[in-house]
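In: After the sequence you'll find the predicted model.
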Amino acid sequence: MREALHVIDNEITSLPDSATREEIDNFKKLAEKGLFQCPYCKAKLIIKYGEERGQYFSHQHSEACEVSKKIDQAEKRYRKQLVRETTNHHAMLAILHDELANQAKINSMIQLDYGYKAKPELKEYPDIWMKIGEKEYGLSIVTSVTSAVDSKLAGQITKRQRYFLEHGMEPIWFIEKEEQSIEISKNALVLWDAELSISSKTDEDKKWDAMLTELVKDKDFFAYFNYPVSMDSPTVDVRSMYYIYSNEDRTVVKVMRFLKDGEVKPYRAFLLNEGYEIPFADALVVKNEILLSQPKVEEENRKEFIKKFQRLRIQFHEQRRMLEEQRRLEAQKREQLMKEKIELEQERKKLLLQQMLEQKQQASNHAARNISYGELKTLLRERIHLTQKEQMELWTRFMPQLGLGNSSSVSDEEVFVMKKIDLDFFEE
Ligand SMILES: [Zn+2]
């Protein structure tokens, strides 16, 4: 094993990952003097060295106690679990452990250990196990999440999340992910496969819930933000994600808070703000739970959100009003054009009537010459360019006005021709 109890300091001592020959000899001498004990059975531990394993603590005569054997095996499983992680994982875990350990020293509510040591019987481990009062947490850091479609890793993480919950731990994840997929114009965050299931629900999320429950009563709420909501009737469930990365020389956590939307791929969530960075240590402050964010910033962000909501609402309704006004004006314009067209049409018919009257005059001048069917047809269709509909109208409306039906100059043949044209139109 890598750790032992330092009998004088009464503290757990870890052997460094690598050491010089001289350092190893020094550790060996200290161990022979009885400085290190097994934390479980309190037996004296000695230092051994192997090419592959490096240096490690061992019970004398290789008589390891049961507990230490179990923990050694758990550690092996945990090391396998860590194979995919980058060297950043090691550094970030060291900060995570130190920060919480410092708080545990002065806060008796907090119990803390590495996941594999606290729960060696499990098959998979959180990096850190912590208990605050009666509540257990499993904290994990996942590094090198590079692609939004890393579905194998997503599957593993989602499974682990369920597994930790089944074993009584509330999982908290710190995801090392350089880029978040944000659709700014739609106020949306596109989530990596696992993110929806591993997001956290903290006290701050509940405060956001309370505020948003009121705001989403406005049926146009999502339209104000141009967000294409996929839920039929939005249920307010605010969640948070914690992205971890190095910024210059310090490790920071980016707090992203979103409103959970549908559970259909690709997972998209309504982004509440652009998120903000806090030092890792600040995120790990323990009150009733691990804070993970800064309450003052959150309070400010909620106020800002309400202001933004009010501003967008005014803009939205102003735009809608302008659009309606524009539509009204266009309708008015169309109506006006239609009116003008009708007037023009009437003007044309009036002219036509006049022409007909003149034709009639000419006809009577020509000593009541009978007009033949063929001539009349030519007159109407080719010289005056009447459509069939207009010719019909002519017979039914204008002819009686001209007195063509009962004029003495109209011969029987004329009446016959008119009736024949009428019939022709119906047939055509
Ligand atoms: Zn032992």
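Out: Perfect, I can see it now.
In: pull the CA atoms of stretch 145-158 into CSV?
Out: C-alpha atoms of stretch 145-158 as CSV (Å, rounded to 0.1, in the frame of the first residue of the first chain):
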residue,chain,number,x,y,z
VAL,A,145,-13.7,15.4,-22.5
THR,A,146,-12.9,16.7,-26.0
SER,A,147,-15.8,15.7,-28.2
ALA,A,148,-19.5,16.3,-27.8
VAL,A,149,-20.1,12.8,-29.3
ASP,A,150,-17.9,10.8,-26.9
SER,A,151,-20.7,8.4,-26.3
LYS,A,152,-18.7,5.6,-24.8
LEU,A,153,-17.4,7.8,-22.1
ALA,A,154,-20.8,9.3,-21.7
GLY,A,155,-22.2,5.8,-21.1
GLN,A,156,-19.6,5.0,-18.5
ILE,A,157,-20.2,8.2,-16.6
THR,A,158,-23.9,7.9,-16.7
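In: which residues touch the residue in the stretch 151-300 of the chain that the ion sits nearest to?
Out: Taking CB to the ion, the ion has its nearest neighbour within the stretch 151-300 of the chain at H167, 24.8 Å off. Placement of C-beta: from N, CA and C, glycine included. Contact analysis of H167 by CB atoms under 8 Å, 6 or more residues apart in numbering lists K119, L122.
In: how about a cut-off of 6 Å?
Out: Neighbour list for H167: empty [criterion: CB atoms under 6 Å, 6 or more residues apart in numbering].
In: before we move on, what about the one 5 residues further on?
Out: For I172, the contact set (CB under 6 Å, 6+ apart) comprises Y137, L139, S200.
In: got JSON lines for those residues, with neighbour count, pLDDT and distance to the ion too?
Out: JSON lines is the format used below for the contacts of I172 (neighbours: other CB atoms under 10 Å; pLDDT from 0 to 100; distance: CB to the ion, whole Å):
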{"residue": "Y137", "neighbour count": "20", "pLDDT": "96", "distance to the ion": "28"}
{"residue": "L139", "neighbour count": "24", "pLDDT": "97", "distance to the ion": "27"}
{"residue": "S200", "neighbour count": "19", "pLDDT": "92", "distance to the ion": "37"}
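In: Return the subset of those lying in helices.
Out: Using DSSP state H, no member of these sits in helices.
In: Just name the closest of the residues you listed to S62, please.
Out: Closest to S62 out of the contacts of I172 is L139 (34.1 Å), distances taken as CB to CB.
In: Could you tell me which residues of the stretch 51-200 of the chain lie near the ion?
Out: C65, S68 (CB under 5 Å from the ion).
In: Of all residues in the stretch 51-200 of the chain, which one is closest to the ion?
Out: Going by CB to the ion, the ion is nearest to C65 of the stretch 51-200 of the chain, at 3.1 Å.
In: Just give me the neighbour total for that residue.
Out: Other residues within reach of C65, judged by other CB atoms under 10 Å, total 14.
In: residues in contact with it?
Out: C65 touches Y40, C41, counting by CB under 6 Å, 6+ apart.
In: Would you mind giving me the confidence score for the residue of the stretch 151-300 of the chain closest to the ion?
Out: The model reports H167 with a pLDDT of 97.
In: Could you do the one 10 residues further on as well?
Out: The per-residue pLDDT reported for K177 equals 78.
In: That one and W192, how far apart?
Out: From K177 over to W192 the distance is 7 Å, taken as CB to CB, to the nearest Å.
In: May I ask you to confirm that R239 is in contact with S199?
Out: Yes: contact criterion CB atoms under 6 Å: R239 and S199 qualify, at 3.8 Å.
In: all strands of the stretch 51-200 of the chain, in order?
Out: Assigned by DSSP state E, counting those that start in this stretch, the stretch 51-200 of the chain shows strands spanning 54-59, 110-114, 128-132, 135-142, 169-175, 181-183, 188-190.
In: Make a markdown table from these and add distance to T13 to it.
Out: What follows is the strands of the stretch 51-200 of the chain, written out as a markdown table (distance: least, CB to CB, whole Å):
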| stretch | distance to T13 |
| --- | --- |
| strand 54-59 | 9 |
| strand 110-114 | 14 |
| strand 128-132 | 19 |
| strand 135-142 | 23 |
| strand 169-175 | 27 |
| strand 181-183 | 44 |
| strand 188-190 | 44 |
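In: least reliable of the ones you listed going by mean pLDDT?
Out: strand 181-183 (a mean of 75).
In: looking at this, E340 is in a strand?
Out: No: secondary structure assignment (DSSP: H, G, I helix; E, B strand; the rest coil) places E340 in helix, not in a strand.
In: Check what pLDDT E428 gets.
Out: E428 carries a pLDDT value of 44.
In: Looking at the stretch 301-428 of the chain, which residue is nearest the ion?
Out: Residue nearest to the ion within the stretch 301-428 of the chain: N301 (50.6 Å; CB to the ion).
In: I'd like the average pLDDT over the helix or strand where that residue lies.
Out: Taking DSSP states H and E as the criterion, N301 maps to helix 295-365. Average pLDDT, helix 295-365: 93.
In: Run the chain-centre distance for it.
Out: 38 Å (CA atoms, centre = their mean, to the nearest Å).
In: same thing with stretch 26-46?
Out: From the chain centre to the centre of stretch 26-46 is a distance of 55 Å (CA atoms, centre = their mean).
In: Then stretch 192-200?
Out: That offset, for stretch 192-200, works out to 12 Å (CA atoms, centre = their mean).
In: Check stretch 176-194 too.
Out: Its chain's C-alpha centre and that of stretch 176-194 lie 7 Å apart, by CA atoms, centre = their mean.
In: Quote the end-to-end distance of it.
Out: With CA to CA, to the nearest Å as the measure, stretch 176-194 spans 13 Å from end to end.
In: And the contacts of it?
Out: Stretch 176-194 is contacted from outside by 143, 145, 148, 151, 154, 157-158, 225-227, 243-245, 258, 266-269, 271, using CB under 6 Å, 6+ apart.
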